[in-house]
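A.B. asks: After the sequence you'll find the predicted model.
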Amino acid sequence: MQFEGTTYRPPVEAESMLLQVTVGCAHNQCTYCNMYDDVSFRVIKSDQIEHDLQEARQIFSKAERIFLVNGDAFVLSANRLKKIAQLIADYFPECKTISMYSSIRNIQSKSDEDLKELKRCGINDLYVGIESGWGQVVSHIKKGHTIEEAKTELARLNEVGINHIAGLMLGVAGRAKGLENAEHTAAFLNETKPKLIWAGTLGLFEGTPLSKEVEKGLFMPASEIEILEEEKALIRSINLENVPFYGIHPTNTLPVFGILPRDKQKMIDAIDLGISRLGKDALSDFFKRASL
Ligand code: SF4
């Protein structure tokens, strides 16, 4: 199987078979991101995808879940995605779920009928980078959508029964704004009802526009203690039934996992315990995160 550029997949897809359908990210403008700076966006040709599936069939005895690589694979047209889903069904008839990363704009470009057909083809779990539920924050980091657009598009997914996983970025609002960000983000999640919440932490990676803002003193990163307090406030304010909160990511200072609302207090206590073990002094600055 061929993979071009660095392959990123969500931690929860560790057991899934990966199939590359695009190279890079079509948006490639989020100001904190350098994941695909080394490649230009392009679509993988159908014959390459079929070749990879033939090869994969020799390697995998079973693949019930397939994750389409790369940065915003749902950018592909509904027709192209349906053809890929058909190829998957030909080679892996046992596959129950096809998942991938999607931006809000990728959903916007599909009609309700497209979404219904994609759901019928097994495309079900979309990882949507929400990062924050606060309008001024998503505009600052150039996510490419407004909060109102995000609410509209996620409601469309919910309407046709396509699950989405909300990707969040703790610390993204900057210094002294974490608690307010948590309030906006929890309200957003409560309204948009993700199947799973996945929280990472802002990293300042070399060469990104956001790193340059920090160097110029235009953006003040939140301290680690602020970020953990933000995570606690977020968990406290989420009001959803039976939704996993997956706060495990290489960028996170402390791993946190639980099912909401059942494990709400347990997760808050785990963060408090982590803070007391690490000590507030050690958490008073922003940690350098080298990469994702
Ligand atoms: S964060 Fe995601 S959508 Fe934004 S530029 Fe990076 S890969 Fe693309």
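C.D. replies: That came through, no problem. Residues are numbered from 1 along each chain as shown.
A.B. asks: contacts, neighbours, all on C-alpha from now
C.D. replies: Will do.
A.B. asks: where are the low-confidence patches of the stretch 101-250 of the chain?
C.D. replies: Counting by pLDDT under 70, the stretch 101-250 of the chain contains no low-confidence residues.
A.B. asks: ranges for the helices of it?
C.D. replies: Assignment of helices within the stretch 101-250 of the chain using DSSP state H, counting those that start in this stretch yields the ranges 104-108, 112-120, 135-140, 147-160, 178-192, 209-215, 224-237.
A.B. asks: Name the nearest residue to residue 289, ignoring sequence neighbours.
C.D. replies: residue 203 (5.4 Å; C-alpha to C-alpha, 6 or more residues apart in numbering).
A.B. asks: tally of neighbours for the one you found?
C.D. replies: Neighbour count for residue 203, taken as other C-alpha atoms under 10 Å: 24.
A.B. asks: Please identify the deepest-packed of the helices of the stretch 101-250 of the chain.
C.D. replies: The highest average neighbour count among the helices of the stretch 101-250 of the chain, using mean count of other C-alpha atoms under 10 Å, belongs to helix 224-237 at a mean of 22.
A.B. asks: Close to the ligand: what parts of the chain are there?
C.D. replies: 25, 27-30, 33, 35, 71 (C-alpha under 6 Å from any ligand atom).
A.B. asks: With distance to residue 86 added, can I get the helices of the stretch 101-250 of the chain in a markdown table?
C.D. replies: Output for the helices of the stretch 101-250 of the chain, formatted as a markdown table (distance: least, C-alpha to C-alpha, whole Å):
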| stretch | distance to residue 86 |
| --- | --- |
| helix 104-108 | 20 |
| helix 112-120 | 11 |
| helix 135-140 | 35 |
| helix 147-160 | 20 |
| helix 178-192 | 30 |
| helix 209-215 | 40 |
| helix 224-237 | 39 |
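A.B. asks: circling back: out of the residues of the chain next to the ligand, which is most surrounded?
C.D. replies: For those, the largest neighbour count, defined by other C-alpha under 10 Å, is 24 neighbours, found at residue 71.
A.B. asks: Nearest spatial neighbour of that one, chain-adjacent residues omitted?
C.D. replies: In this structure, residue 71 finds its nearest non-sequential neighbour in residue 25, 4.6 Å apart by C-alpha to C-alpha, 6+ apart.
A.B. asks: which ones are touching the one you found?
C.D. replies: Counting by C-alpha atoms under 8 Å, 6 or more residues apart in numbering, residue 25 makes contact with 36, 40-41, 70-73.
A.B. asks: Quick check on those: which are buried?
C.D. replies: Using 16 or more other C-alpha atoms under 10 Å as the burial test, the contacts of residue 25 include 36, 41, 70-73 as buried.
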